[in-house]
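Participant: Give me coordinates for this.
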Amino acid sequence: PNQAVRIVVPFVPGSFTDVSARLLAQELTEQLGQPVVVENRGGAGGTAGTLSVVRAAPDGYTLGTLSPNSMVTRRVLAKGGSPIDVLKDMTPVTAMGDAVMLVFVQPGGPVKSMRELIDYAKANPDKLSYGSSGFGSIHHLAQEQVAMITGAQLLHIPYKTGTDSVAALVSGQIPVTYAILGSI
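Facilitator: Take a look at the predicted model:
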C-alpha cells in the first residue's frame, strides 16, 4: 500500500476483537511500512461497523474484523433481512483467532456455579436476569442454547455492548452476564 490502511472493528474499544485487531495492526504497520489504524464502530451487534466496511471503496485500504455474529447470525435474525449479505458483500482474508465465552455471576448472588444457575433458573423461570451485548448477539444466543438444552429460562436484558453488560453486572444491575474472556 502507498497510504494508510484502516481496520474497522465493529465493537467498542477494549473488546476481544479490538485488542486482536490492534495487535494485528501493529504487526502490519511494521511489515507494510504504512500506518495501519484501527477504527472502532460499535453498535447493533456488529452490524454498524460491518456495514461501514461494506460501503467503503473496494480498494483494499479498508479491512474489517467480523465475528460469527456479524457474519452469519445477523443475516438470519434481522427483521426484514440484513443490510449485509456477507456472501456477496465481503471477501474473507484470514482467521484471526478464537474467543472463549464465559458466564459471570454477581458475588453474593443466588448462584455460584453453572449447575446452580441452571437449577435456580429451572426452579424460578425468568426470575433471574442476564445481560448480553444485544438481541441476536453471540452472548444472547449462548444463553438461548443453554435454555434449549437445559430448560433454564433467564430474563434477557440486552445492552448496546458486551462491555455495558459487564458494567451492569459489576454495578449490581444484573446478576448474570455472558462475556468474552479477552474483554474481561
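Participant: give me the element V38 is part of.
Facilitator: strand 36-40 (DSSP states H and E).
Participant: quick one: strands adjacent to that strand?
Facilitator: Applying DSSP bridges to the sheet, strand 36-40 is found paired with strand 5-9 (parallel).
Participant: Can you give the contact residues for the strand it pairs with?
Facilitator: With CB atoms under 8 Å, 6 or more residues apart in numbering as the contact definition, strand 5-9 has outside contacts at 15, 17-18, 21, 24-25, 28, 32, 34-42, 49-50, 52-53, 56, 60-65. Heads up, the C-betas are built off the backbone N, CA and C, glycines and all.
Participant: Tell me which of those fall in helices.
Facilitator: The helices, defined by DSSP state H, take in T17, D18, A21, L24, A25, L28, L32, G49, T50, S52, V53 from those.
Participant: now for these, which pair is the farthest apart?
Facilitator: Using CB to CB, the ones in helices among the contacts of strand 5-9 span at most 23.3 Å, a distance reached by L32 and T50.
Participant: Tell me which of these two has more neighbours.
Facilitator: Counted by other CB atoms under 10 Å, L32 and T50 do not tie: T50 has more neighbours, with 28 against 13.
Participant: how near is the more buried one to N40?
Facilitator: 13 Å (CB to CB, to the nearest Å).
Participant: Check S15 too.
Facilitator: Distance, S15 to N40, by CB to CB: 8 Å.
Participant: Check which element follows the helix or strand of the chain with the lowest mean pLDDT along the chain.
Facilitator: Within the chain, no helix or strand scores below helix 74-77, which has a mean of 63 by mean pLDDT, DSSP states H and E. Of the helices and strands lying after helix 74-77 in sequence (DSSP H and E), the nearest is helix 86-89.
Participant: Confirm for me that F11 is in contact with V38.
Facilitator: No: contact criterion CB atoms under 8 Å: F11 and V38 do not qualify, at 10.9 Å.
Participant: Endpoints of stretch 177-184, how far apart?
Facilitator: End-to-end distance for stretch 177-184: 11 Å, by CA to CA, to the nearest Å.
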